[in-house]
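*Asks:* with the sequence up front, the predicted model follows.
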Amino acid sequence: MINAWWIIGGVLFVLLNTAAGLIWLERRMLALWQDRYGPNRAGPFGLFIVLADTLKLFFKEDWIPPFADKVVFVFAPAVVVASVLMSFVIVPFAPGIVVADLNIGILFFLAMSSLGVYSIVLGGWASNNKYALLGAMRGASQMISYEVFMGLALMGVVVLSGSFNLQQIVESQRTVWFVIPQLLGFLIFMVAGVAETHRLPFDIPEAESELVAGFHSEYSGMKFGMFFIGEYLGVTLISAMVVTLYFGGWLGPSFLPPVVWFAIKTFAFISLFILLRASMPRPRYDQLMEYGWKVLFPLSLLNLLVTAAIKLWLVTK
Amino acid sequence: MDIAFIVAALIAVAATVRVITCYNIMHALLYLVVSLLAVAVVLYTYGAPFMAVLEIIIYAGAIMVLIIFFVMMLNLGLETAEHEKAWLRPRIWLVPGIFCVVLLGELLYLILQNKQPAAGIQVVPPKQVGMALFGPYLIAVELTGILLMAGIVGAYHLGRQHKKTLHRFLENNLDT
């Protein structure tokens, strides 16, 4: 067993670097898919854009509007980063490499992602700006609704593996990855995950063509940077959760160590997130809500019902 | 575990006091969220991790977000804080304060009276909670479900759209 402090330090180091690296990765990938060059000047492959971007964020004027609620305004960006980083506590990166092996793993993830809503709501409210407020209202309703389907979709996995513990969920995928018996659950979780991180097809809270920049219109400097990093961390988190729950986590042929398998799979899903951004148009706000409650909600309930029935039939047979 | 409990309990109490004494409603609600989170930690230290997480998911993560959502739409600004300040004069606190002190004294008396060591804390896994809910307490679960169903039907009835029109200008024309 590795010392817990080493794991915590390692996870933080890797995650924060991944989130920063995604700035570069996203721009390069978007450029590739849209037939452009993207950032390619500073350093090898334009990698130093990360450095330039971070320096720029640090040296920008850190302005708090005089009409804003100062305490809440400063506090809001921290919530998103903190809640996402807390969620990583329960992600098993490899056998034994997990910060806290909680029995209530999945529920802890759901709890932390439900706290993440506060950053949008409070950021939008404290800005005291009508665009920010509209963005915050959209964000709150979007994230609360999609959390419901996310939780329900996850329950299929819980029924199959009989545990909330993520290590056990990974272990019970040794015969077959849950993406095959839980294809519907995986799709719903993926859609809900995109909505939960408010990434592009569902970036309605910050829709820049209608709401300036939505809930973070008034933010600048490193406070905006926190929202930015929080979003990339969220993408990484959802990718890691998809891999853990549906794609066998660290499991894979033994010629590579488990951590590497986990990283490769997570990277594949991060790329999928970026591809989604490059290719999908943004739906209207009411379309998003309607799609959620009228399509995804019944489907996720049906998925749970059928999964539970089949499991019951298999157990009693 | 003991220190964690004491710290969480103190935070819960202090945050709850601030909920009542805060003039700005948004800040009061945020203190309420903090209080709920602290209560979740208390539940966790007392061997109920499932309850703790549900407390965060349902109360802090859903219900409080909805309340904040509505308060946000009401656009209560500095004026309301001034109103509150005018309403909550020191004299107002007197009677509730006395009640609270009496209750606190009673609680302390009861705690100090039977000074048995606390029973061994047993961690209750989620499975056990589920088996209890769908075993001996099945009727209560079903009744709660029916109650919630009534609530949903009522909300649907209230939020139902009366007339489907293409545009608000057409709506006026249809009436005439």
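*Replies:* Sure, I can see it. Residues are numbered from 1 along each chain as shown, chains lettered A, B, ... in the order given.
*Asks:* for the rest of this, base every contact and every neighbour count on C-alpha atoms.
*Replies:* Will do.
*Asks:* ok, residue B:128 - how many residues close by?
*Replies:* 11 (other CA atoms under 10 Å in any protein chain shown).
*Asks:* that should have said residue B:158, apologies.
*Replies:* 9.
*Asks:* distance-wise, check it relative to residue B:152.
*Replies:* Distance, residue B:158 to residue B:152, by CA to CA, to the nearest Å: 10 Å.
*Asks:* same question, residue A:142
*Replies:* From residue A:142 across to residue B:152, the span is 19 Å (CA to CA).
*Asks:* please name the nearest non-neighbouring residue to residue A:220.
*Replies:* Leaving aside its chain neighbours, residue A:220 sits nearest to residue A:62 (5.8 Å; criterion: CA to CA, 6 or more residues apart in numbering or on different chains).
*Asks:* for that neighbour, what are phi and psi?
*Replies:* Residue A:62 adopts backbone torsions of phi -90, psi 90, taken as degrees, to the nearest 10.
*Asks:* for chain B, which residue is closest to the average position?
*Replies:* Using CA atoms, centre = their mean, the residue of chain B that lies closest to the mean C-alpha position is residue B:59, 5.5 Å off.
*Asks:* pretty sure that residue contacts residue B:36?
*Replies:* Yes - contact criterion CA atoms under 8 Å: residue B:59 and residue B:36 qualify, at 7.2 Å.
*Asks:* which residue sits closest to residue 122 in space, ignoring its chain neighbours?
*Replies:* With no chain named, the answer covers chain A. Spatial nearest neighbour of residue A:122, excluding adjacent residues (CA to CA, 6+ apart): residue A:76 at 5.7 Å.
*Asks:* that's the other chain; I wanted chain B
*Replies:* residue B:47 (5.5 Å).
*Asks:* can you tell me the SS state at that neighbour?
*Replies:* coil (DSSP: H, G, I helix; E, B strand; the rest coil).
*Asks:* what's the span of stretch A:248-263 from first residue to last?
*Replies:* End-to-end distance for stretch A:248-263, by CA to CA: 12 Å.
*Asks:* low-confidence regions, the chain specifically.
*Replies:* I went with chain A, as the question did not name one. For chain A, the stretches with pLDDT under 70 are A:1-2.
*Asks:* try chain B instead
*Replies:* B:1, B:76-78, B:114-120, B:161-176.
*Asks:* what does it put close to chain A?
*Replies:* With CA under 8 Å from any CA of the partner chain as the criterion, chain B meets chain A at residues B:49-50, B:53-54, B:56-57, B:60-62, B:65-66, B:69, B:72, B:125-126.
*Asks:* of all those residues, which two lie farthest apart?
*Replies:* Distance extremes for those: the farthest pair is B:72 and B:125 at 37.5 Å, using CA to CA.
*Asks:* which one's more surrounded, the two?
*Replies:* Taking other CA under 10 Å, residue B:72 and residue B:125 do not tie; residue B:72 has more neighbours (22 against 16).
*Asks:* who touches that one in this structure?
*Replies:* By CA atoms under 8 Å, 6 or more residues apart in numbering or on different chains, the contact list for residue B:72 reads A:125, A:133.
*Asks:* between residue A:142 and residue B:152, which one's more packed in?
*Replies:* residue A:142 (25 against 12).
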